Structure formats: C-alpha cells, structure tokens
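Trainee: Provided below for reference: sequence and predicted model.
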Amino acid sequence: MTDIYQILVHPDPILRETAPEIDKINDGIRAQAQKMTDTMYAAEGIGLAAPQVGILNRLIVVDTARRARDEKTAPNPIAMINPRIVWSSEELWTCMEGCLSIPLQYADVERPRIVRVKYWDVQNQAQEIEVQGLASSCVQHEIDHLNGVLFIDHLSRLKRTNLLKKYDRQQKEKHNVL
C-alpha cells in the first residue's frame with residue numbers, strides 16, 4: 001500500500017489558513033509532492049493543495065489529464081511550488097467543482113477560462129504554464145486553498161448555506177452508521 005496523507009475535511013481550521021511560501025526546494029519537499037500526488041490519486045481527485053493534508057506551505061499537485069477511473073490515460077501530474085497566477089483571461093466560464101475536503105458536494109463555480117501561472121518545479125526550475133478550461137479551474141481552485149479559500153466561498157450565500165447543510169447531514173449520517 002502506498003503511503004498517503006489523510007485529507008482534512010471542512011470545517012478543519014487549517015483549511016482557512018494562508019500558507020507561507022516554500023523557501024528551499026529539497027528532498028523533503030520532493031517527497032511531500034510525491035506523497036501528495038499519491039494521495040490525490042488514491043482519493044480519485046484531480047488536484048490537491050498542501051493545507052488539505054495539514055501542511056502549511058505553498059505546494060499543489062494537479063493532474064486533469066487523467067480523470068478518476070480512466071485507466072487508459074497515463075498519469076501526468078504537475079507539482080507546483082509557490083504557484084501564482086500572473087495573467088487571467090477576461091473570458092469567464094462555469095465549471096462544476098467539488099473538493100476532497102468537502103466530500104460529495106458539487107457546485108457550479110465561475111472563474112477565468114484561461115490563466116497563466118508561474119511556479120517552481122521539484123527540480124528547482126522556474127516554470128510558466130498557461131492552462132484553460134478544466135485545468136484552469138483546477139489550478140485556481142488549488143491556489144485558492146493556499147490562501148484559505150474554499151470553492152464554496154465563490155457561491156452565493158444561499159447556495160453555500162444549502163450545500164453546507166446537506167454536507168453536515170451527510171457527515172452526521174456517516175458517523176452514526178457503525
């Protein structure tokens with residue numbers, strides 16, 4: 001069995017904290033990136049941010065090329081250290097988002113269709129990537145996590161309240177079943 005992290009779930013307060021930048025890319029950070037990638041795949045996710053596994057640093061992993069349960073597509077994970085969006089398109093799009101930290105809850109979230117992101121890779125090389133569509137939403141979602149922002153924060157108060165009530169009911173049912 002692969003060694004994976006436990007994913008924190010709402011309302012864990014760590015999910016609302018702002019993660020500081022990583023100042024040195026070393027074997028510990030590379031191991032964290034690998035373990036986060038393994039955790040993301042084990043949870044059948046397409047992205048994961050360090051705060052979601054209780055680590056307060058600015059590291060995200062994403063892989064939108066390989067959807068959950070699609071074994072035909074080879075994994076293509078990208079680890080982004082200290083990612084920052086340097087450009088966003090004015091054109092917006094709406095994507096159904098979910099979050100490993102708010103399991104089984106989904107909602108439409110409007111975000112820029114295209115973003116350009118600068119980051120450091122695990123080999124300590126500066127990178128810049130432009131992503132669109134699902135990959136753009138995923139990267140923005142994970143960078144939000146680094147700033148203590150959850151996808152539900154992009155919803156209207158009514159939609160957020162209804163989603164959280166449903167989530168709370170499901171959590172209570174889950175814990176009442178033995």
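Mentor: Yes, it's here.

Trainee: any weak-confidence spans in the chain?
Mentor: Low-confidence segments of the chain, defined by pLDDT under 70: 1-2, 66-71, 177-178.

Trainee: residue boundaries of the strands in it?
Mentor: Using DSSP state E, the strands of the chain run over residues 47-49, 59-62, 78-88, 92-99, 102-112, 114-120, 126-132.

Trainee: and Thr161, which of those is closest to it?
Mentor: When those are compared by CB to CB, strand 102-112 sits nearest Thr161, at 11.8 Å. Quick note: C-beta positions are derived from backbone N, CA and C, even for glycine.

Trainee: in this protein, where's the longest helix?
Mentor: In the chain, assigned by DSSP state H, the helix with the most residues is helix 157-176.

Trainee: tell me what angle it forms with strand 102-112.
Mentor: For helix 157-176 against strand 102-112, the angle by axes from the mean of the first three to the mean of the last three CA atoms, to 10 degrees is 160 degrees.

Trainee: which strands and helices lie in contact with helix 157-176?
Mentor: When contacts are defined as 3 or more CB pairs under 8 Å, 6 or more residues apart in numbering; DSSP states H and E, helix 157-176 packs onto strand 102-112.

Trainee: re earlier: of all the strands of the chain, which one is nearest Ile22?
Mentor: Between Ile22 and the strands of the chain, the tightest spacing by CB to CB is seen for strand 78-88, at 5.3 Å.

Trainee: count of neighbours near the closest residue to Ile55 other than its chain neighbours?
Mentor: Among residues not flanking Ile55 along the chain, Gln32 sits closest, at 6.6 Å (CB to CB, 6 or more residues apart in numbering). Counted with other CB atoms under 10 Å, the neighbours of Gln32 add up to 22.

Trainee: report the buried residues of the longest helix of the chain.
Mentor: Neighbour-count burial for helix 157-176 flags Arg160, Leu163, Leu164, Tyr167, Gln171 (criterion: 16 or more other CB atoms under 10 Å).

Trainee: can you redo those as TSV with distance to Ile85?
Mentor: Converted to TSV, the buried residues of helix 157-176 look like this (distance: CB to CB, whole Å):
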residue	distance to Ile85
Arg160	23
Leu163	25
Leu164	27
Tyr167	28
Gln171	32
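
Trainee: and those, which is closest to Gln6?
Mentor: Gln171 (15.7 Å).

Trainee: please list all residues in contact with Gln125.
Mentor: Counting by CB atoms under 8 Å, 6 or more residues apart in numbering, Gln125 makes contact with nothing.

Trainee: what about it, distance to Met80?
Mentor: In this structure, Gln125 and Met80 are 12 Å apart, going by CB to CB, to the nearest Å.
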